[in-house]
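Novice: this one's sequence-less:
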């Protein structure tokens, strides 16, 4: 039997030695605890899905897929459908992402690509991150009191002069899709800006120097080298921002007008799934609760689909880059 | 000076046992939940009740009438409150039975926002249901003009603001519209949420304060809110034409006149959907507290009766100042009698 050199050493009081029983135990215990924690998270997710699903099952059997295509939410006649809410959720989130995403990435470029002195950049970054600390209700009130009156003249001019374009088909009276999307854009801005900054900062500075060395101008270096190199992370930022926009509740409930209709017009009131859930739960009767649970499942499915899609695209784009 | 202080002390010592009679020794905690409509009044009542009764505290959470009924059914509270009382079906779910007690009344007003803030706009009985149905779409409509000679009405779109959340306020408002308008009854009907007409001039906001804020921010808006909210946020309120054809403002004698007309059934559950009296304001309602008839703890039952008694006596004096309608004396007597069934 071969002699274990480590075990020989163990007796000599040297620092190095074979793992003791205690080391083995700690190692195993830690591994077990980590596995249990992962299992617990999976269990929690499954349990949430199961408990919502079991409460929604009656409504699912009753309304079937018609729930997704019906446009009426009428408690009195027990008719439930969420197509307008699904439409409003996606429409407002996409609009918010388009605006917030553009400005968020622009801010990230501004803060990371040597436009500011190294002292000023952190201050700006902190100010933008402070936006994330403002409560949703405050955004809602601000939207109602400031954004809506500020947008109204422009919106009504657009609708009276360019009313033939479906996006400007109606006038903006008060709450509506456009102010809601605008406030939502500001709410997703810190998320997009922060994650994009991290992504841009991860690209080695040498890459940019190399681009300069090849004779690229500053903007060529940023747009053709830095942004593509950071694209995976920036895309992740957009997916995170979109997820935030989908689930946002209170500010939208106050601003979107909560009207169950499907309209292309940016100025007409709409509704979202999250607002529907938040506003109808407290007074809902047993049958409505089942339908609300079904609506919650739909929202969950949308966010899950967005995340999976985002992951897939990110995986694909990084593979392509490696291959190229 | 010193003598006055001693006198004061003596008076306090003598009257202390009177104000804190039976419960001085052991503390009882009562919890309730439900309607938000009377919440400002109830919280004022319970605060002063708890202050005057040593060892007795009352906590009330304004969650919404439906949630209050749920809590009562699930036995998570000692009492609940609801604007829509409780249906027979709901009461059957509580073993031992439920005692409904009307505690105060309130009015629902139609608030508006017009350029120049004209006060005291008059809305005829056939006009305001049509406005909420989206049939009358302009403020310059001849029907509104005819009722308001001398008021400059602009050629402005009417934006209807409604409640986005299910609410007792909507229930009372739509019940009245259903009673006043056949078309409303056949269309949206009455309920805590109804299937509202759709359109880009009909928006919804959460809670009484959300609706109030949206009306105030939107020129040409009209919407319904509870009177106390409209009063404290200085919203312009319309005079409504009642069944007898008179225009009546909210907040005056019109509310009590409307509530006085109620014929009470034994379970004390009745609504005034469309009062007949010439002086009555058309949209008024009682709001209820809900109690278990069979409380397992006799001490709690005694405390609840004490609470009801306080609300009926000292409580009623606070109602009017806070924008609610005090109960008529006959109703106070009936409620006091009924409260003996809380055991």
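Specialist: Arrived safely, thanks for sending. The shown structure was predicted, so the numbers you read here are calculated from the model rather than taken from an experiment.
Novice: distance check, residue B:295 against residue B:322.
Specialist: 29 Å (Cβ to Cβ, to the nearest Å). Placement of C-beta: from N, CA and C, glycine included.
Novice: have a look at the two and say which one is more surrounded.
Specialist: Neighbours were counted for residue B:295 and for residue B:322 using other Cβ atoms under 10 Å in any protein chain shown; residue B:295 has more, 19 against 16.
Novice: just checking, the more buried one touches residue B:303?
Specialist: No. At 9.3 Å, residue B:295 does not count as touching residue B:303 under the criterion of Cβ atoms under 8 Å.
Novice: find the centremost residue of chain A, please.
Specialist: Taking Cα atoms, centre = their mean, the centroid of chain A lies closest to residue A:243, which sits 2.2 Å from it.
Novice: all the strands of the chain, residue numbers only.
Specialist: Reading this off chain A. Here chain A has its strands, by DSSP state E, at A:73-74, A:79-80.
Novice: correction: the question concerned chain B.
Specialist: B:28-34, B:56-62, B:79-82, B:98-112, B:122-123, B:159-163, B:202-205, B:221-226, B:236-237, B:239-241, B:247-248, B:284-292.
Novice: which residues pair with the residue positioned nearest the centre of chain B across the strands?
Specialist: Nearest residue to the geometric centre of chain B (Cα atoms, centre = their mean): residue B:106, 4.0 Å. Note on residue B:106: beta-bridge partners by DSSP bridges are residue B:285.
Novice: in contact with residue A:186, which residues?
Specialist: Residues in contact with residue A:186, defined by Cβ atoms under 8 Å, 6 or more residues apart in numbering or on different chains, are A:100, A:131, A:139.
Novice: nope, residue A:176 is what I meant
Specialist: With Cβ under 8 Å, 6+ apart, residue A:176 has these contacts: A:148, A:255, A:256, A:257, A:266, A:267, A:268, A:269, A:270, B:200, B:203.
Novice: residue B:98 bridge partners, please.
Specialist: residue B:292.
Novice: burial measure for residue 190, as a count.
Specialist: I went with chain A, as the question did not name one. Around residue A:190 there are 23 residues (other Cβ under 10 Å).
Novice: think we crossed wires, I meant chain B
Specialist: 20.
Novice: wait, isn't it in contact with residue B:180?
Specialist: No. Using Cβ under 8 Å, residue B:190 is not in contact with residue B:180, being 11.2 Å away.
Novice: what's residue A:296 in contact with, if anything?
Specialist: Contacts of residue A:296 were listed using Cβ under 8 Å, 6+ apart, and they are A:52, A:56, A:273, A:277.
Novice: skip the chain neighbours and tell me the closest residue to residue A:137.
Specialist: Closest residue to residue A:137 apart from its sequence neighbours, by Cβ to Cβ, 6 or more residues apart in numbering or on different chains: residue A:250 at 5.3 Å.
Novice: next, count neighbours for residue 117.
Specialist: In the absence of a named chain, this looks at chain A. 7.
Novice: wait, chain B
Specialist: 9.
Novice: equivalent analysis for residue A:286, please.
Specialist: As a measure of burial, residue A:286 has 9 neighbours, counting by other Cβ under 10 Å.
Novice: again with residue B:146
Specialist: Using other Cβ under 10 Å, residue B:146 is surrounded by 11 other residues.
Novice: now the one 3 residues further on
Specialist: Residues lying near residue B:149 (other Cβ under 10 Å) number 7.
Novice: likewise for residue A:19?
Specialist: Residue A:19 has 11 nearby residues by other Cβ under 10 Å.
Novice: and the pLDDT for the residue lying closest to it once chain neighbours are set aside?
Specialist: Spatial nearest neighbour of residue A:19, excluding adjacent residues (Cβ to Cβ, 6+ apart): residue A:27 at 7.5 Å. Per-residue pLDDT puts residue A:27 at 93.
Novice: would you confirm that residue A:27 contacts residue A:21?
Specialist: No. At 10.6 Å, residue A:27 does not count as touching residue A:21 under the criterion of Cβ under 8 Å.
Novice: more neighbours, those two?
Specialist: Taking neighbours as other Cβ under 10 Å, residue A:27 and residue A:21 compare with residue A:27 leading, 11 against 7.
Novice: chain B versus the more buried one, what's the distance?
Specialist: 47 Å (Cβ to the nearest Cβ, to the nearest Å).
Novice: can you check residue A:197 too?
Specialist: Counting by Cβ to the nearest Cβ - residue A:197 and chain B are separated by 35 Å.
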